[in-house]
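> Structural data only, the sequence is not supplied:
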């Protein structure tokens, strides 16, 4: 590994960090929902998960830093354990960067919603959300197989 440009490699590792890029968050996660209320709820749910993960990761990073400071690196085994823990901290920091980018994008998306919905408003929008979802699935069934699947028929009956 002596012919490797480690700085360039580390920079490449940092550049790719983001579990789900903006396009995926926008098109495949939040806006995959049918109603504005459900898009809002999905955005807030995803944002809350990212927010909590970031806070836990910060605590984990601080714990690893304290562990590194306390480690005895006077023996060959101690040196290797300290190096391993240092690598784990680098991995954690990269993951935190990706999680931060995802959270930041979701936060900006959330800020753009013209309305912040209440629990009652979210609940009241559920019938339309699920009607649209099941109708879409039924149409997809028809296009794919020429008939609506039993599960989608049952879902349509339930609503």
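Here it is on my side, so go on. Model, not experiment: these values are computed from the prediction.

> quick one: the strands in the chain?
Applying DSSP state E to the chain gives no strands.

> domains for it, by residue range?
For the chain, automatic domain parsing gives the domain ranges 8-115, 125-159.

> and stretch 132-143, average pLDDT?
Regarding stretch 132-143, the rounded mean pLDDT is 95.

> quick one: it to chain centroid distance?
Counting by CA atoms, centre = their mean, to the nearest Å, stretch 132-143 is centred 27 Å from the centre of its parent chain.

> Likewise for stretch 140-154?
Offset of stretch 140-154 from its chain centre (CA atoms, centre = their mean): 31 Å.

> Scan the protein for its longest helix.
The longest helix of the chain (DSSP state H) is helix 76-112.

> just to revisit the earlier point, got a markdown table for the domains of the chain, with mean neighbour count and distance to residue 2 too?
Where you see a C-beta, it was placed from the backbone N, CA and C, and this is true even at glycine. Shown next, in a markdown table, are these (neighbours: other CB atoms under 10 Å; distance: least, CB to CB, whole Å):
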| stretch | mean neighbour count | distance to residue 2 |
| --- | --- | --- |
| domain 8-115 | 14 | 13 |
| domain 125-159 | 14 | 55 |
